[in-house]
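In: Have a look; sequence and predicted model below, questions after that.
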Amino acid sequence: MPLETLDRSPPPFFKQGPSALSRLLFFSALALFLMVADARFKIVQPLRAAIATFLYPAQWLALQPVQMAQTGLGYLTELKTARVTEEAARLKLAEQSRRAGQVEQLLLENARLRELLALRDRVQVPAQAAQVLYDATDPYSRRVVIGKGQLQGIEAGSPVMDESGVLGQVTRVYPFGSEVTLLIDRDQVIPVLNTRTGARSVAYGDPSPYGGMLELRYMSVTDDIKEGDLLATSGVDGVYPPGLPVARVTSVDRRSDTSFARIQCQPLAQLNGVTHVIVLSPVARQGLGDTAADGKPAGAASAPAPAAQKAATRRAAAEGARR
């Protein structure tokens, strides 16, 4: 048999190397060793930092198209939003300009009518800012204490409001502080006027356990009042200047078993958590003329007591209910 015909290739065992199970066990042990060593001795951290540093330029180049697309999309979105906002601002400016022109015309007509009817101009009410120090300790009333009192010219009966509307009334005055009773207190009463219909009524602090609301009483079920109507001060009590926003009607319940409707209103002022307020002088203190009824200067007339104010308001409400 010639030697050229003999197969000189190695057996299959030497060709395939270690078995698959052997390689699995080896690499599993190596991975476990590296994980334990990295957790214990941080031996892979320098290698990881070197690889991250080496690959950072490639990552930066790969992310550039995505970032450029996001930047372009954000620019287009902001441009569209800016155009919409600009259009809305232009429309609002045009509307304000139109209303300003109407206000100027109405002011001119008002001045002419007052001159024609010999009516007095509206009283300009002085005001001063004050800071709310804390809530009153009485758990059965809704009152706050402000940081200005008799030495700063605060008087009992002065109206108090914030940037949104009427907040309440000064009921007690101390030398360096004053106590303000909020509108939602059960003993607080304020005459209001429906700005939509011009109807006058009286708002009472809601005595319900939940509180935080006002109630219009002695309103007939046939009266024209709707949800969303704005209530402002009427000025008939000689305390609150007319036209101050007070509340907005939230619910009107007309029952068939009674002749009066149950009307709930949400005060516009921030009654909870208010920090700064404006204290106005009572309208009666401004004087309706140069002298008061007793011949003294109008500025020297004393402010009406809160109890007398509430009694007068209740009498006016009763008379309105009878009418």
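Out: Yes, it's here.

In: mind listing what residue 249 touches?
Out: 216, 225, 226, 227, 228, 229, 231, 263, 264, 265 (CB atoms under 8 Å, 6 or more residues apart in numbering). Just so you know, the C-beta spots here come from the backbone N, C-alpha and C atoms, and that holds for glycine as well.

In: per-residue confidence at it?
Out: If you check residue 249, the pLDDT there is 94.

In: Any chance of the contacts of residue 249 in a markdown table with pLDDT as columns?
Out: A markdown table is the format used below for those (pLDDT from 0 to 100):
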| residue | pLDDT |
| --- | --- |
| 216 | 90 |
| 225 | 90 |
| 226 | 89 |
| 227 | 91 |
| 228 | 91 |
| 229 | 92 |
| 231 | 93 |
| 263 | 91 |
| 264 | 91 |
| 265 | 93 |
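
In: so which of these comes closest to residue 65?
Out: Residue 65 lies nearest to residue 228 out of the contacts of residue 249, by CB to CB, at 53.2 Å.

In: returning to that earlier point: take the contacts of residue 249 and, keeping just the buried ones, write it as a PyMOL select command.
Out: Burial among the contacts of residue 249 is assessed by 16 or more other CB atoms under 10 Å; the matching PyMOL selection reads:
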select buried, resi 216+225+229+231+263+264+265
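
In: Look up how far residue 31 lies from the residue nearest the centre of the chain.
Out: The structure's the chain has its C-alpha centroid closest to residue 270; by CA atoms, centre = their mean the separation is 7.6 Å. Note on residue 270: its distance to residue 31, by CB to CB, to the nearest Å, is 64 Å.

In: Please identify the helix or strand for the residue nearest to the centre of the chain.
Out: Per DSSP states H and E, residue 270 falls between elements, in no helix or strand.

In: and the gap between the nearest residue to it once chain neighbours are set aside and residue 252?
Out: The shortest distance from residue 270 to any residue other than its chain neighbours is 5.7 Å, reached at residue 162 (CB to CB, 6 or more residues apart in numbering). Using CB to CB, residue 162 is found at 26 Å from residue 252.

In: again with residue 128
Out: 37 Å.

In: the more surrounded of the two?
Out: Of the pair residue 128 and residue 252, residue 252 is the one with more neighbours under other CB atoms under 10 Å, namely 18 against 14.
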